[in-house]
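In: Just to be clear, the model below is a prediction. Sequence and coordinates:
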Amino acid sequence: MAAMQKVCLLLVVTSLLSVCATKQDTGPLPRPANPRESDYRPSIPFQPGPVEGVATRTVFSTDSGRGYSVDVTDIAVRPGTAVSVPFAGPAMVEVRHGGGTAIAGGRNVELRSGTILTVGEGEALTVTAQEPTTLRAYVYRAR
């Protein structure tokens, strides 16, 4: 019985090797006949931000009717830049994508996807992006 298992295993291995050996390199795919840009346009596109190297978009904004408001803003930071991002009030900032370093209120913070940091009212947030980085800021304001 052991000899039969060895023969079956040998047949399986040789079959797999022969399939792999017959594959031909076809090279890169041909260019499409009629290349065109995508017609997709986001409902809320990024706009040039308040400083060079930053683009922003307001995703959501609400007024509580009780004296405060919340703005949710996405911030895209170009890699290789160090930028100071202003906020209109205290903020909670989440790193959605990318990485780098930040200084918030004198604290050094390593940025990577999932990092959450707070920025107090009047504090500066300085971001140095080492790769394309997207932040989501939840900014709270008293009215």
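Out: Here it is on my side, so go on. Residues are numbered from 1 along each chain as shown.
In: tell me the SS of V13?
Out: helix (DSSP: H, G, I helix; E, B strand; the rest coil).
In: Tell me how far the residue nearest the centre of the chain lies from E131.
Out: The centroid of the chain falls nearest to H97 when counting by CA atoms, centre = their mean (2.5 Å). Separation of H97 from E131 (CB to CB, to the nearest Å) stands at 9 Å. Where you see a C-beta, it was placed from the backbone N, CA and C, and this is true even at glycine.
In: Repeat that for T101.
Out: 12 Å.
In: Could you do A55 as well?
Out: Distance from A55 to E131, by CB to CB: 15 Å.
In: what does Q5 give?
Out: From Q5 to E131 the distance is 52 Å (CB to CB).
In: Which of these two has more residues huddled nearby?
Out: E131 (14 against 9; other CB atoms under 10 Å).
In: Using the three-state scheme, assign that one.
Out: Recorded secondary structure, E131: coil (three-state DSSP).
In: Could you do A3 as well?
Out: Applying three-state DSSP: A3 is helix.
In: separation between it and V12?
Out: Distance, A3 to V12, using CB to CB: 15 Å.
In: The two: who's more crowded?
Out: Higher neighbour count among A3 and V12: V12, with 10 against 7, using other CB under 10 Å.
In: And the pLDDT for the more buried one?
Out: The model reports V12 with a pLDDT of 71.
In: Same question for A21.
Out: 55.
In: Ends of stretch 128-138, what's the gap?
Out: Chord length of stretch 128-138, first to last residue, is 20 Å (CA to CA, to the nearest Å).
In: Tell me which residues of that stretch come out buried.
Out: Of all the residues in stretch 128-138, those buried under the rule 16 or more other CB atoms under 10 Å are T128, A129, T133, T134, L135, R136, A137, Y138.
In: List the contacts of the third one.
Out: Going back to what we said before, that points to T133. T133 is in contact with A76, V77, P79, V95, H97, G98, G99, G100, L111, V127, counting by CB atoms under 8 Å, 6 or more residues apart in numbering.
In: Give the buried subset of these as a ChimeraX selection command.
Out: Filtering the contacts of T133 down to the buried ones (16+ other CB under 10 Å) takes a single ChimeraX command:
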select :76,77,95,98,99,100,111,127
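In: Next, format the contacts of T133 as a markdown table and append pLDDT, secondary structure and distance to S64.
Out: Compiled in a markdown table, the contacts of T133 are given as follows (pLDDT from 0 to 100; DSSP: H, G, I helix; E, B strand; the rest coil; distance: CB to CB, whole Å):
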| residue | pLDDT | secondary structure | distance to S64 |
| --- | --- | --- | --- |
| A76 | 96 | strand | 28 |
| V77 | 95 | strand | 29 |
| P79 | 94 | coil | 37 |
| V95 | 97 | strand | 27 |
| H97 | 95 | strand | 30 |
| G98 | 95 | coil | 32 |
| G99 | 94 | strand | 34 |
| G100 | 96 | strand | 33 |
| L111 | 95 | strand | 30 |
| V127 | 95 | strand | 29 |
